[in-house]
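Visitor: let me see the structure of the following:
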Amino acid sequence: MFETVKNRRTIRKYLPKDIAPDLLNDLLETSFRASTMGGMQLYSVIVTRDTEMKEKLSPAHFNQPMVKNAPVVLTFCADFRRFCKWCEQRKAVPGYDNLMSFMNAAMDTLLVAQTFCTLAEEAGLGICYLGTTTYNPQMIIDALQRGEAKRQEEARAAAKKLVADNIEEINNYAASPVIGNEKGEITVVEFFDFACGYCHKLAPTLMSIMDKNSDVRVVLKPLFFLSPQSQYAAKALYAAAEQGYAKEFYKNIMENPGQLSEAKIDELAVKAGVDLEKMKADMNSDKVAKAMTDTSSLAEKIRVTGVPTLVVEGNMIQTLSESDIQRAIDEAKAAK
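Guide: Down below sits the predicted model:
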């Protein structure tokens, strides 16, 4: 590392070779361990690989050739949005609309940018700082926002097609527990994890939605990537559904946020009316094992990237807002 820093130089010409996504992600994730103000990490990084997008960025950097020729352009941004969201979710009022906060964010961003550059050079990559970033920030913002809007539109279209191609499995997979009106005309599917705090926050909203919409059936798709207890609880849900207690079990678990032990899950299952001995036997059945595997595969297939994710009559949404979910339901009803 010492020799790399001592011998470093700016590189303005690049080989026509891509940078492996795994390498880039590793460099970024490692650079994010840099010291920051209060551990707030007041930055974001925009990765540009697309040739068309690099051409749009080029004028903001005085058409310097390395912008178009480099395999990757990284834009490091001072960014309070994520931290402000974190404050709001914890019922705190962000107070960062001032010069001192901007300076804190700028320092965080510079620390991370330099850490990334040092790591990239140690990995054998060439880097070049673009001082023009501070000359034309609005041009860069406009170019990146146009590109992001296009990317999001393409992603929405791709997601809609994936959902449409797999809608039968999403809505009507036989082993998936159904709560609400099992014969309802409107299907709301929830991909969730029992260890997810946001999923716990969404559960009362779904209960309210079912109370207000007698024609809604909610299909539960438990995932289990956040903790070992997630897997145990997901198996227990399938087993509880075999006894007709899916809704009661789901409600009991979701009313108990935080890390749940297997013993606590068993206790809540019994409280829901479940025969514990039969539940434990069913949890180890081939049927439950297949349902767990099939649900995980489906989530990957339709690119569920986070939980909770809802699919309302083929429309994939991520929200905790009852009004957003109700709007999607109303639109689905109107379309029938």
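
Visitor: helices along the stretch 151-300 of the chain, start to end?
Guide: In the stretch 151-300 of the chain, the segments counted as helices under DSSP state H, counting those that start in this stretch are 167-172, 197-212, 228-242, 246-254, 262-271, 276-283, 286-301.

Visitor: what's the shortest one packed up against?
Guide: Taking 3 or more CB pairs under 8 Å, 6 or more residues apart in numbering; DSSP states H and E as the contact definition, the neighbouring helices and strands of helix 167-172 are strand 186-193, helix 286-301. Any C-beta I mention is one placed from the backbone N, CA and C, and that applies to glycine too.

Visitor: hang on, the earlier thing: would a markdown table of the helices of the stretch 151-300 of the chain with distance to Thr118 be doable?
Guide: Output for the helices of the stretch 151-300 of the chain, formatted as a markdown table (distance: least, CB to CB, whole Å):
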| stretch | distance to Thr118 |
| --- | --- |
| helix 167-172 | 46 |
| helix 197-212 | 35 |
| helix 228-242 | 37 |
| helix 246-254 | 45 |
| helix 262-271 | 45 |
| helix 276-283 | 49 |
| helix 286-301 | 35 |
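
Visitor: just the buried residues of stretch 220-238, please?
Guide: Buried residues in stretch 220-238, counting neighbours by 16 or more other CB atoms under 10 Å, are found at 220-224, 229-238.

Visitor: out of the helices of the stretch 151-300 of the chain, which is closest to Ser321?
Guide: helix 197-212 (7.8 Å; CB to CB).

Visitor: got the angle for the closest one vs helix 246-254?
Guide: 140 degrees (axes from the mean of the first three to the mean of the last three CA atoms, to 10 degrees).

Visitor: residues contacting helix 197-212, please?
Guide: By CB atoms under 8 Å, 6 or more residues apart in numbering, the surrounding residues in contact with helix 197-212 are 179-181, 188, 190, 192-193, 216, 218, 250-251, 254-255, 257, 307-308, 320-322, 325-326, 329.

Visitor: 7 Å instead?
Guide: With CB atoms under 7 Å, 6 or more residues apart in numbering as the test, helix 197-212 has contacts from 180, 190, 192-193, 216, 218, 251, 254, 257, 307-308, 320, 322, 325-326.
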